[in-house]
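Undergrad: Sequence first, predicted coordinates after that:
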Amino acid sequence: MTTTLPTRPVIQPPRSPASAPRRRKPRAYKIFRVVALTLTVLLFIAPLVWMFIASLKTNVDIYDASKTLFFTPTLDNYDNVLSRNNYFGFIFNSFWVAFMSTIFSLLIGVPAAYAMSRFAMHRSALVVLMARIIPGVSLLVPWYFIFANMRMVGGFGVLILSHMFVALPLIVYIMISYFDSTPLELEEQAQVDGLTHIGAFLRITLPLSVPGLATAGILSFIFSWNNFMFALVLSGANTKTLPVAIFNFVSYASIDWGSLMAAAVVVTVPIMVIALFTQKYIVSGLTAGATKG
Amino acid sequence: MTTMVSTKPTAWEKSSTWANHHRKWLFASPAMIFVGLLIAVPLGWTLYLSITDSEGSVRAESNLVGLSNYAEVLSDFDRFWPAVMRTFIFTGGALAIELVLGMCIALLLWRPFRGEKWVRVAILLPLVATPVAVGMMWRLIFDPNIGFANQVLSWIGIPAQPWLSGQYTALPTLMFVDIWQWTPMVVLMLLAGLTSLSDEPDEAARIDGANSWQRFWFVTLPLLRATVIVTIVLRGIDALKTFDILYATKGKGGGSFHEVETLNIYAFGLSFDYNDYGIASTVLILFFLLIIAIMWALTYRRKANRS
């Protein structure tokens, strides 16, 4: 590095040559690090814990400051949300829309990403990735009227299509960088052995890309599950997804905090469980492109 | 391609040869057609609506009005320009804090330690949580009467704050929510960049006697440049378009004083509350151009710096 550092003339020898070449960190730093890490974890986790605690309280207890941490837990809020407010239906809707939009996006996105990677179709890739930049609202008015004309508004079809708008660019983006790093030699080898180009893609490259497909699929599912704006406009009474259902919870006069928090737990817990088990894939998908120039 | 042809190719072989020959567009076209029909056509329609006085229903009679919508919007200091301001304040403020905080946390997590896995899980959870639910959660925590935030303030003797319901505190509070949810994203991006760095430049600087801060500022940060820019671009796009937490906590029009009305919220309200499609489309086209201009400036500078 040719930066202007105040260099000392004498190279200091490592303090304890017996241990690792890396200089030992002072004790104060270690303590600082533990404290800082603990604070970080608390900052990110405490609100979620608070949401969970509130979902176990009656509304009387939520309003009582003396019962912040000591209260009798109750499952009434969950009972109210799940049985009286038909949340099982919304859970199914959210799941179905997220699942189908992910499947369809994988079906058309993965071959496209493959072609864009292997044939260096940078401009086509840019067109698909534009969808990541466009504000969703600017498509909603035309969508609404196109699909209203086709009598599709309120059905699952339009929701799945609109969520593919989020899923497809994500999948193409992740899979392009995945295919870019998959060696070409294996495909060429397969062609020498008699497979066609498409055959080599289907039988060699695709099976090797399962981690990439998992990454793209899981992220696409999460983003679709969490999506709010498209379903807010395009869903009907029978196809409402969970985020919209939660939003509608507060449009009445007074807020039923306990049930609202229970509903929030119901929508976030499935996605967090998925995240716990697929952490590695989620991180690799979210950081795709982070180390490229 | 050449080995497959027998003397009399069957229909299957013929179509297989054809498919392999045209695989580039065969593979790419379904996605391209989807993008064309669902994105390019609607975007073109929005562009067209922006030069009409369409209102009430898109199918109702409307007249071409040229650029008068643009003149009207650009001279609207009541709603449009404040919304532009708020969009910039929200994005710039949240993004800056996310970058600094994210860098600190990424550096803390950089070197391996015991329990690393659990810390990583902890920071992943806000990231995957449903934004609407996150909005509701903070709505309870920041509730002026029963919220935990004011309870904490009362313990340390600070008067209660209105948080989300205050005219001047709502936007900063929502920036805080954005920071809570998206700093983990910045951490993960920067951490991926940090892990990919080689140890040698850092080690060399250490031998030259540079202290921790100098090594970070003059060695690590310049090497991380590309990662930082990618992070700014990706996070910046999403922050500019933030909708869920704003709408879930403040509802239509960004509150009674429009205190959190960003461009996205404003355009959504014009489209679906006022059905003023002409003006709404104009705002959206301007918003879109703004995003492209910012992205172009960031990536253009990157290219200029590289050469």
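TA: Received it, and whenever you're ready, just let me know what you need. Residues are numbered from 1 along each chain as shown, chains lettered A, B, ... in the order given.
Undergrad: How many residues are close by A:H163?
TA: A:H163 has 27 neighbouring residues, counting by other C-beta atoms under 10 Å in any protein chain shown. For glycine as for every other residue, the C-beta is placed from the backbone atoms N, C-alpha and C.
Undergrad: What strand or helix carries it?
TA: helix A:156-180 (DSSP states H and E).
Undergrad: So what's the gap between the next helix or strand after that helix and the chain middle?
TA: Later in the chain than helix A:156-180, the nearest helix or strand by DSSP H and E is helix A:185-192. Here helix A:185-192 is found 35 Å from its chain centre; the criterion is C-alpha atoms, centre = their mean, to the nearest Å.
Undergrad: What does the pLDDT read for the residue positioned nearest the centre of chain B?
TA: Chain B has B:D238 as the residue nearest its centroid, 0.6 Å off, counting by C-alpha atoms, centre = their mean. At B:D238, the predicted lDDT confidence score is 92.
Undergrad: For chain A, see how far away it is.
TA: 9 Å (C-beta to the nearest C-beta, to the nearest Å).
Undergrad: Do I have it right that that residue meets B:W182?
TA: Yes - B:D238 lies in contact with B:W182 (C-beta atoms under 8 Å); the separation is 7.5 Å.
Undergrad: quick one on the thing from earlier: for the residue nearest to the centre of chain B, which residues are in contact?
TA: B:W182 (C-beta atoms under 8 Å, 6 or more residues apart in numbering or on different chains).
Undergrad: Report whether the helix holding A:H163 contacts chain B.
TA: Yes - Helix A:156-180 reaches chain B (C-beta under 8 Å from any C-beta of the partner chain) through A:L161, A:M164, A:F165, A:L168, A:V172.
Undergrad: Just give the number of residues close to B:F218.
TA: B:F218, neighbours per other C-beta under 10 Å, totals 16.
Undergrad: do B:R225 as well
TA: Neighbours of B:R225 (other C-beta under 10 Å): 14.
Undergrad: quick one: low-confidence ranges for chain A?
TA: Scanning chain A for pLDDT under 70 picks out A:1-25, A:251-253, A:292-293.
Undergrad: What is the longest helix of it by residue count?
TA: Counting by DSSP state H, the longest helix found in chain A is helix A:87-118.
Undergrad: need the next SSE after it, C-terminal direction.
TA: Next in line after helix A:87-118, if elements are assigned by DSSP H and E, sits helix A:122-133.
Undergrad: and the helix or strand following that following helix, what does it pack onto?
TA: Per DSSP H and E, the first helix or strand lying C-terminal to helix A:122-133 is helix A:137-149. Packed against helix A:137-149 by the contact rule (3 or more C-beta pairs under 8 Å, 6 or more residues apart in numbering or on different chains; DSSP states H and E) you find helix A:156-180, helix A:229-234, helix B:41-49, helix B:263-272, helix B:277-306.
Undergrad: repeat that with 6 Å
TA: Judged by 3 or more C-beta pairs under 6 Å, 6 or more residues apart in numbering or on different chains; DSSP states H and E, helix A:137-149 is in contact with helix B:41-49, helix B:263-272.
Undergrad: so what secondary structure elements neighbour the shortest one?
TA: Right, the one you point to is helix B:41-49. Going by 3+ C-beta pairs under 6 Å, 6+ apart, helix B:41-49 lies up against helix A:137-149, helix B:277-306.
Undergrad: isn't there a strand covering B:I146?
TA: No - using DSSP: H, G, I helix; E, B strand; the rest coil, the secondary structure at B:I146 is coil, not a strand.
Undergrad: The nearest residue to it once chain neighbours are set aside: neighbour count?
TA: Of all residues not flanking B:I146 in the chain, A:Y63 sits nearest, at 5.3 Å (C-beta to C-beta, 6 or more residues apart in numbering or on different chains). A:Y63 has 13 neighbours, counted by other C-beta under 10 Å.
Undergrad: A:F88 now?
TA: That count, for A:F88 with other C-beta under 10 Å as the rule, works out to 12.
Undergrad: where in chain B is pLDDT low?
TA: B:1-7, B:301-307.
Undergrad: Now with 80, please.
TA: B:1-9, B:56-61, B:299-307 (pLDDT under 80).
Undergrad: what helices or strands is the helix holding A:H163 leaning on?
TA: Taking 3+ C-beta pairs under 6 Å, 6+ apart as the contact cut, helix A:156-180 packs with helix A:87-118, helix A:122-133, helix A:210-226, helix A:229-234.
Undergrad: In a markdown table, list the ones you listed along with distance to B:H22.
TA: Listed next are the helices and strands packed on helix A:156-180 as a markdown table, based on distance: least, C-beta to C-beta, whole Å:
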| stretch | distance to B:H22 |
| --- | --- |
| helix A:87-118 | 10 |
| helix A:122-133 | 15 |
| helix A:210-226 | 24 |
| helix A:229-234 | 34 |
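Undergrad: Please report how far B:Y266 lies from chain A.
TA: From B:Y266 to chain A the distance is 9 Å (C-beta to the nearest C-beta).
Undergrad: my guess is that residue meets B:W81, correct?
TA: No - assessed by C-beta atoms under 6 Å, B:Y266 is found out of contact with B:W81, at 10.7 Å.
Undergrad: more neighbours, these two?
TA: Legend: neighbour count by other C-beta under 10 Å for B:Y266 and B:W81, higher for B:Y266 (26 against 13).
Undergrad: Tell me who's in contact with the closest residue to the more buried one other than its chain neighbours.
TA: Nearest residue to B:Y266, sequence neighbours excluded (C-beta to C-beta, 6+ apart): B:A83, at 4.4 Å. Shown in contact with B:A83 (C-beta atoms under 6 Å, 6 or more residues apart in numbering or on different chains): B:E261, B:T262, B:L263, B:Y266.
Undergrad: Farthest-apart pair in those, please.
TA: B:E261 and B:L263 (8.5 Å; C-beta to C-beta).
Undergrad: can you list the domain ranges for the chain.
TA: Reading this off chain A. A:27-70, A:78-286 (automatic domain parsing).
Undergrad: that's the wrong chain, I meant chain B
TA: Split by automatic domain parsing, chain B gives B:19-69, B:76-306.
Undergrad: Distance to A:F92 added to those domains, as TSV?
TA: Formatted as TSV, the domains of chain B follow (distance: least, C-beta to C-beta, whole Å):
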stretch	distance to A:F92
domain B:19-69	25
domain B:76-306	16
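Undergrad: Most tightly packed of those domains?
TA: Most buried of those, by mean neighbour count (mean count of other C-beta atoms under 10 Å in any protein chain shown): domain B:76-306, with a mean of 19.
Undergrad: ok now that domain, how far from the chain's centre?
TA: In terms of C-alpha atoms, centre = their mean, the centre of domain B:76-306 is found 8 Å from the chain centre.
Undergrad: before we move on, back to that, let me know the distance separating the residue nearest to B:Y266 from A:G136.
TA: B:A83 is 17 Å from A:G136, where distance means C-beta to C-beta, to the nearest Å.
Undergrad: Could you do A:V265 as well?
TA: 27 Å.
Undergrad: now do A:K240
TA: 18 Å.
Undergrad: What of B:L240?
TA: 12 Å.
Undergrad: Ok, A:Y173 next?
TA: If you measure A:Y173 against A:G136 using C-beta to C-beta, the figure is 17 Å.
Undergrad: quick one: which of the two has more around it?
TA: Using other C-beta under 10 Å, the more surrounded residue of A:Y173 and A:G136 is A:Y173, with 23 against 20.
Undergrad: Switch the helices and strands packed on helix A:137-149 over to a markdown table; also include distance to A:T74.
TA: Shown next, in a markdown table, are the helices and strands packed on helix A:137-149 (distance: least, C-beta to C-beta, whole Å):
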| stretch | distance to A:T74 |
| --- | --- |
| helix B:41-49 | 47 |
| helix B:263-272 | 36 |
